[in-house]
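Visitor: With the sequence up front, the predicted model follows.
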Amino acid sequence: MRTLGLEVGKRDIGGVSFSGGSSALFRANLWLRSATRVLARVGDFHARLFDELERHARKLAWSRFLVSGQPVRLRVSTSKSRLYHTGAVAQRIAEAMEKSTGVAPMVASGGDEDDETGETPLVIVRLFRDQCTVSIDTSGALLHRRGYRLAVAKAPLRETLAAALLMASGWDPGTPLVDPLCGAGTIAIEGALLARRIPPGITRSFAFMRWPGFHEPTWKKVLDEARAQQLPAAPAAIFASDRDAGAIGASRENAGRAGVAADIVFEEKVISRIAPPANVPPGAIVTNPPYGVRVGDRDALRNLYAQLGIVARERFPGWRLLVLSADPRLDAQIGSMEPVLSTKNGGIAVRAMRSTI
């Protein structure tokens, strides 16, 4: 966010705030590689009574974001507040919106995937200690949906998490990148996009483009500036391999859709055969091995992790190594590593383990 020149504010679990105009909002959606969605704050007020809640909600600038009469998803959460019943809060917010705009919201119940296309606007209402914050989603479909990954392998890695792993590894995009367990090729593809300075959102649409107040000339300027920064090719070699021929086929298809097929060497290869390219400076090995939770047997994976450690130490001195792991007993097979990131992948608690070989 700071690299984009955004004015970063409060950091919290699961989010970071920033301020700025429409250009900042557009750049955040276009460029942020590890964010799930970008929200715009519509209102922030104190409410302990339902009449108070509805009165403040009717004053909000709904017409800037919503077309009169269109369906709207409404998601409500409450904590430590006098107004604790989410259904009742949703009803009052919906009534306020309808009186102001003619919009009759649908109350959403479910996770972020309840509208995969993001076509229906999403309004998020949060009450905490009687303080009500109202936000609108500016992204639409979740930001990991770059549009290139139609072919998937087993236990696919989200694009946003793949980008986060690359950043957490400390990889210099001017040096080589290797993923010896590439699956659908997500890490290698995100690496190529990063190395070529291609925005992850360059080929997709966003919710803000359907707002009544959308300023298309500003968006065009943001796009033109982004395209002017792109490099014609990745400055260093990127290698992705997997023992599964189907995974390599999926990887090539995905890389082609992402426009980076020429930047990545895909090979059907077992991990014992990987080696660094000749006459290049040290780079990074970034990979997401099977965890033994959904794919494969955990005991059988010990040899795989141990072999990864042996190959890395013997053939990649001076390189960085980052592995996404769900089991300390497995990543211990690799060797001494430090945790640098903790999150979830497909509902499984995982942590990124890093070392310099």
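Guide: Cool, got the structure. Because the structure is predicted, anything quoted here is derived from the model rather than measured.
Visitor: Would you map out the domains in the chain?
Guide: Domain assignment for the chain by automatic domain parsing gives 39-137, 159-196+231-356.
Visitor: Endpoints of the shortest one, how far apart?
Guide: The distance separating the two terminal residues of domain 39-137, taken as C-alpha to C-alpha, to the nearest Å, comes to 5 Å.
Visitor: so how far is it from its chain's centroid?
Guide: Averaging C-alpha coordinates over domain 39-137 and over its chain gives two centres that are 24 Å apart (C-alpha atoms, centre = their mean, to the nearest Å).
Visitor: With the longest one instead?
Guide: If you compare the mean C-alpha spot of domain 159-196+231-356 with that of the full chain, they lie 17 Å apart, counting by C-alpha atoms, centre = their mean.
Visitor: How about the secondary structure of residue 351?
Guide: The local conformation at residue 351, judged by DSSP: H, G, I helix; E, B strand; the rest coil, is strand.
Visitor: I'd like to know how far it sits from residue 341.
Guide: 6 Å (C-beta to C-beta, to the nearest Å). Glycine gets a C-beta too; all of them are placed from N, C-alpha and C.
Visitor: ok, back up a step: quick one: closest of the domains of the chain to residue 219.
Guide: domain 39-137 (14.9 Å; C-beta to C-beta).
Visitor: correct me, but residue 135 touches residue 44?
Guide: No. If you go by C-beta atoms under 8 Å, residue 135 and residue 44 don't touch, sitting 9.3 Å apart.
Visitor: of those two, who's got more company?
Guide: Relative neighbour count places residue 135 above the other of residue 135 and residue 44, with 19 against 12, counting by other C-beta atoms under 10 Å.
Visitor: any chance you could map the helices in the chain?
Guide: In chain order, the chain shows helices spanning 22-31, 50-58, 86-101, 159-169, 186-195, 216-229, 245-258, 298-315, 328-331, with DSSP state H as the criterion.
Visitor: Mean neighbour count, mean pLDDT and distance to residue 238 for these - can I get that in a markdown table?
Guide: Below are the helices of the chain laid out as a markdown table (neighbours: other C-beta atoms under 10 Å; pLDDT from 0 to 100; distance: least, C-beta to C-beta, whole Å):
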| stretch | mean neighbour count | mean pLDDT | distance to residue 238 |
| --- | --- | --- | --- |
| helix 22-31 | 20 | 96 | 20 |
| helix 50-58 | 17 | 94 | 50 |
| helix 86-101 | 18 | 90 | 46 |
| helix 159-169 | 23 | 97 | 11 |
| helix 186-195 | 28 | 98 | 5 |
| helix 216-229 | 13 | 97 | 19 |
| helix 245-258 | 20 | 95 | 10 |
| helix 298-315 | 16 | 90 | 17 |
| helix 328-331 | 17 | 89 | 24 |
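Visitor: re earlier: closest one to residue 27 among the domains of the chain?
Guide: Per C-beta to C-beta, nearest to residue 27 of these: domain 39-137, 13.6 Å.
Visitor: follow-up on the earlier one: of the domains of the chain, which is nearest residue 23?
Guide: Comparing the domains of the chain against residue 23 with C-beta to C-beta, the closest turns out to be domain 39-137 (13.3 Å).
Visitor: Not counting its neighbours along the chain, what's nearest the spatially most central residue of the chain?
Guide: Among the residues of the chain, the smallest C-alpha distance to the mean C-alpha position (C-alpha atoms, centre = their mean) belongs to residue 160, namely 2.7 Å. Spatial nearest neighbour of residue 160, excluding adjacent residues (C-beta to C-beta, 6 or more residues apart in numbering): residue 144 at 4.2 Å.
Visitor: pretty sure the one you found contacts residue 158?
Guide: Yes. If you go by C-beta under 8 Å, residue 144 and residue 158 touch, sitting 4.6 Å apart.
Visitor: any idea how far the closest residue to residue 47 other than its chain neighbours is from residue 191?
Guide: Leaving aside its sequence neighbours, residue 47 sits nearest to residue 53 (C-beta to C-beta, 6+ apart; 4.1 Å). Separation of residue 53 from residue 191 (C-beta to C-beta): 47 Å.
Visitor: before we move on, what about residue 337?
Guide: Where residue 191 is concerned, residue 337 sits at a distance of 20 Å (C-beta to C-beta).
Visitor: now residue 119
Guide: On the measure of C-beta to C-beta, residue 119 and residue 191 end up 31 Å apart.
Visitor: Repeat that for residue 18.
Guide: Here residue 18 is placed at a distance of 26 Å from residue 191 (C-beta to C-beta).
Visitor: just residue 33 next, same as before
Guide: 11 Å.
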